[in-house]
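Peer 1: predicted model and sequence follow; I will ask about them next.
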Amino acid sequence: MPDLFYESQLHAEGFATVAGIDEAGRGPLAGPVSAAAVVLPCDYTHSVLNDSKQLSERKREILYEELTNDKRIRWASTLVDAEKIDEINILQATYLAMRLSFEQLKPRPKIALIDGKPIKHFPGKHKALVKGDSLSLSIAAASIIAKVERDRLMIAYDETYPGYGFARHKGYGTAAHREALMKLGPCPIHRRSFAPVALAEAAAG
């Protein structure tokens, strides 16, 4: 289970505030990529909070409400849409969402713990942790917020663009999604720079 070990190390090094940052939605064929930045209290503990991928949708929703309604917790999130993803590529869109989330936190944290690899041109000091969402509570909290915000949007898109099954698969490339994509062609939230979407668009003429 994640804890505050890395956050405590940074506090001991003189960094008064530490943000955890994570993303959700890099792999789907449709919808935005999401990121969140979270600053937890120094003494924060939680018996259930974990990497969002290890939790059920219901548990993520419960944790999201806990985290976002806790007055001791500062957080911000960003969604970067499919059009921007196609313009700058998914990796750069992910980094953009992370940077914007960090910049929204006021006052700006002194340092960030980021899930994955270091980010070029990040607007502050940061330390990258591979599989950080399973190591750091701050990153795990960010993973929950990023995932739930994106999932809620994809459920709403299911009504706007019926037939693709967005409420079920959240835009990921499941067999059902790919079948619907070939049958219906891409809709406005599909990522046209992703090969299966480009293939479906070409097939649709």
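Peer 2: The structure has been received and is ready for your questions.

Peer 1: Asp158 and Asp115: what is the separation?
Peer 2: Distance of Asp158 to Asp115, computed by CB to CB, to the nearest Å: 27 Å. Where C-beta positions appear, they are placed from N, C-alpha and C, glycine not excepted.

Peer 1: more neighbours: which of these two?
Peer 2: Applying other CB atoms under 10 Å to Asp158 and Asp115 shows that Asp115 carries more neighbours, namely 26 against 18.

Peer 1: and the closest residue to the more buried one other than its chain neighbours, what does it touch?
Peer 2: Nearest residue to Asp115, sequence neighbours excluded (CB to CB, 6 or more residues apart in numbering): Gly132, at 3.9 Å. Neighbouring residues of Gly132 by CB atoms under 8 Å, 6 or more residues apart in numbering: 6, 20, 22, 113-116, 139.

Peer 1: between these, which is closest to Ala12?
Peer 2: Distance to Ala12 across those (CB to CB) is lowest for Tyr6, with 10.7 Å.

Peer 1: doesn't Ser136 make contact with that closest one?
Peer 2: Yes - here Tyr6 reaches Ser136: they are 5.1 Å apart, a contact under CB atoms under 8 Å.

Peer 1: host element of the residue nearest to Gly27 when sequence neighbours are not counted?
Peer 2: Closest residue to Gly27 apart from its sequence neighbours, by CB to CB, 6+ apart: Tyr172 at 6.3 Å. Here Tyr172 is covered by no helix or strand, with elements defined by DSSP states H and E.

Peer 1: Tyr172 and Val80, how far apart?
Peer 2: Computed as CB to CB, the Tyr172 to Val80 distance reads 17 Å.

Peer 1: after the helix or strand hosting Glu66, next one along is what?
Peer 2: Glu66 belongs to helix 57-69 when assigned by DSSP H and E. Later in the chain than helix 57-69, the nearest helix or strand by DSSP H and E is strand 74-80.

Peer 1: that next one pairs with which strands?
Peer 2: Taking DSSP bridges as the criterion, strand 74-80 forms sheet pairs with strand 33-39 (antiparallel).

Peer 1: export the strand it pairs with as PDB, just CAs?
Peer 2: Output in PDB follows, covering the C-alpha atoms of strand 33-39 (Å, rounded to 0.1, in the frame of the first residue of the first chain):
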ATOM      1  CA  VAL A  33      -6.300  12.600 -21.100                       C
ATOM      2  CA  SER A  34      -6.700  13.600 -17.500                       C
ATOM      3  CA  ALA A  35      -4.300  14.600 -14.800                       C
ATOM      4  CA  ALA A  36      -4.500  15.700 -11.200                       C
ATOM      5  CA  ALA A  37      -2.200  17.300  -8.600                       C
ATOM      6  CA  VAL A  38      -2.900  16.700  -4.800                       C
ATOM      7  CA  VAL A  39      -1.300  18.100  -1.700                       C
END
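
Peer 1: counting neighbours, what do you get for Gln92?
Peer 2: Residues contacting Gln92 under the criterion other CB under 10 Å number 15.
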